[in-house]
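Student: Have a look at this prediction, sequence included:
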Amino acid sequence: MEIKNDLVKNILVVRNDRFGEFILNIPAFRALKETFKFAKLSAVVDPSVKDLAESLPYLDEIIAWGRQRHTPWEKIKLFKLISGKKFDIAVILNPSKEFNLIAYLARIPVRVGYDRKCAFLLTHKIADKKSLAVKHEVEYNLELTGLIGAKTDNKTLDLKINKEIIRQVKEKFSLKDLDSLVVLHPWTSDPIKLWPKENFLQLAKMLIEQLNLHVLIVGGRENSARAKEGFNLKTDAFIDLTGKTSLKELAALLSQSKLLVSADSGPVHLACAVGTPVIALFRNDILGKSAKRWGPWVGNNIVIEKNNLAGISVAEVFHQVREIMKR
């Protein structure tokens, strides 16, 4: 099917999983917007990502729809919403039987996705080989949009943070000396990707005592209790904001920080998007979870990899912090 770019008026793009994965689609969104210059781009995202998605200039409309179970009535409402918008193209960036079916039933002429989960409903599809980690996730996403000719020369993540939000965050959390702020993110959604919590605690102490830095711990609400138990340093140079920030506020904090040290998790990509250097801790024995696919995307970053994260010493990470601070 020939696609006449100038005649495309409405595009549906679906990426409604976790926020780290969402961020790695920014170049794909840009590719769609640059290629289909006259089209409105509507994005289906997880509700937790909505405020962050609204910051992207490439997305004209945000549709919040999580991956949890939905009632039949909720699904009917979503179908009516999508069907009523008369989309010309649907790009389903995370494989979804639900959205493959909705795009088909809504009679969207061009339906793009992976050769999985009722892929016979799609008009353009590609084999899902992401688990082989031959490329970075950003490149995989651009490969998918490339099926309909959507490409871009600008493959940066590049998330702009409003100065007013930065001011509000500083005021909200009483942050003054941001010139010496280092952010630590000790959590992941997958236990096998965790660096021992005790190591993060020891690193925080070394950063404060030996480098005279201020240390900020961040994470989701689900980690708040563990943060209180494991990171109760009694010093003004340590601040625990676990569970206390929105994604947009976290982006603002990272944009003003010297560095992020993190396990393999969403804040790695958020820091890259706002231009903050990252030290990321990765396993290198599981292809689908490797830094080659999920590591920091370009920029002034360092990846420390081992097949057992417990084998990464605090001294090794501390050394890399000092190296970045010299730059």
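Tutor: Received the coordinates, thanks. Residues are numbered from 1 along each chain as shown.

Student: Neighbours of Gln320, how many?
Tutor: Neighbour count of Gln320, defined by other C-beta atoms under 10 Å: 16. The C-beta positions use only the backbone N, C-alpha and C, and glycine is treated the same way.

Student: typo on my end, it should be Glu305
Tutor: Counted with other C-beta under 10 Å, the neighbours of Glu305 add up to 17.

Student: quick one: it from Arg283, how far?
Tutor: Counting by C-beta to C-beta, to the nearest Å, the separation of Glu305 from Arg283 is 7 Å.

Student: Does the residue nearest to Gly146 when sequence neighbours are not counted belong to a helix, a strand or coil?
Tutor: Leaving out its chain neighbours, the residue that sits closest to Gly146 by C-beta to C-beta, 6 or more residues apart in numbering is Ala31, at 7.7 Å. What DSSP: H, G, I helix; E, B strand; the rest coil gives for Ala31 is helix.

Student: I'd say Ala31 and Lys151 touch.
Tutor: Yes - with contact defined as C-beta atoms under 8 Å, Ala31 counts as touching Lys151 (5.3 Å).

Student: Which neighbours do these two have in common?
Tutor: Shared contacts of Ala31 and Lys151 (C-beta atoms under 8 Å, 6 or more residues apart in numbering): 142, 145.

Student: follow-up on the earlier one: would you check how far apart the residue nearest to Gly146 and Lys176 are?
Tutor: 41 Å.

Student: Can you pick out the residue with more neighbours from these two?
Tutor: Between Ala31 and Lys176, counted using other C-beta under 10 Å, the more crowded position is Ala31 (26 against 8).

Student: which residues touch that one?
Tutor: Contacts of Ala31 (C-beta under 8 Å, 6+ apart): 142, 145-146, 150-152.

Student: try 6 Å
Tutor: 145, 150-152 (C-beta atoms under 6 Å, 6 or more residues apart in numbering).

Student: Asn300 now?
Tutor: Pro277.

Student: mind checking how far it is from Ala150?
Tutor: 29 Å.

Student: one step back: and the contacts of Ala31, which of them are in helices?
Tutor: Among these, the ones falling in helices (DSSP state H) are Thr145.

Student: Widest-spaced pair of the contacts of Ala31?
Tutor: Pairwise distances across these peak at 8.7 Å for Thr145 and Thr152 (criterion: C-beta to C-beta).

Student: Give me the more crowded residue out of those two.
Tutor: Set Thr145 next to Thr152 and count neighbours by other C-beta under 10 Å: Thr145 wins out with 23 against 19.

Student: from memory the more buried one sits against Arg30, does it?
Tutor: No - if you go by C-beta atoms under 6 Å, Thr145 and Arg30 don't touch, sitting 9.5 Å apart.

Student: which residues of the stretch 51-200 of the chain fall in strands?
Tutor: 61-64, 89-92, 110-114, 124-126, 181-185 (DSSP state E, counting those that start in this stretch).

Student: pLDDT averaged over the second one, what's the number?
Tutor: On average, the pLDDT along strand 89-92 is 98.

Student: list the helices and strands that strand packs on?
Tutor: If you count contacts as 3 or more C-beta pairs under 6 Å, 6 or more residues apart in numbering; DSSP states H and E, strand 89-92 packs onto strand 10-14, strand 110-114.
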